[in-house]
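>>> Sequence and computational prediction follow.
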Amino acid sequence: MADLLPGAVAAAVAVQVLQTVGALFLSRELTGASQVYEVFTLVFGLLAWLYLQAVIVVFCAEINTVRARRLWPRNLLTPFAADMALTPADRASYRS
């Protein structure tokens with residue numbers, strides 16, 4: 001249970017910050033906008049928010065895995081780029 005605490009706390013803080021920043025940004029951007037623009041902004045903002053939240057949760061879960069299995073150093077950009085050099089810890093993680 002203690003192995004899950006750092007990632008859970010990091011995810012909770014990051015999601016709360018994302019929610020606060022997103023709400024402030026959308027409230028500022030939608031002031032005085034037309035209704036059509038508001039709908040498109042809300043839809044695209046929601047899609048972006050869901051994507052960022054998913055990435056945050058996956059990275060925070062990765063923090064827990066790396067700490068519990070002592071798999072460091074890790075290359076965090078591997079999911080986003082195909083030609084990244086893998087570290088020995090990355091190879092061990094992929095094998096498991």
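Received it, and whenever you're ready, just let me know what you need.
>>> Find the nearest non-adjacent residue to the most centrally placed residue in the chain, please.
For the chain, the residue nearest the mean C-alpha position is residue 56 (1.8 Å; C-alpha atoms, centre = their mean). The shortest distance from residue 56 to any non-neighbouring residue, by C-beta to C-beta, 6 or more residues apart in numbering, is to residue 14 (4.6 Å). No exception for glycine: its C-beta is placed from N, CA and C like everyone else's.
>>> From the contact counts, what lies against the lengthiest helix in the chain?
Taking DSSP state H as the criterion, the chain has its longest helix at helix 35-69. Judged by 3 or more C-beta pairs under 8 Å, 6 or more residues apart in numbering; DSSP states H and E, helix 35-69 is in contact with helix 5-29, helix 88-95.
>>> possible to save the ones you listed as a markdown table with mean neighbour count and distance to residue 49?
Formatted as a markdown table, the helices and strands packed on helix 35-69 follow (neighbours: other C-beta atoms under 10 Å; distance: least, C-beta to C-beta, whole Å):
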| stretch | mean neighbour count | distance to residue 49 |
| --- | --- | --- |
| helix 5-29 | 13 | 5 |
| helix 88-95 | 12 | 28 |
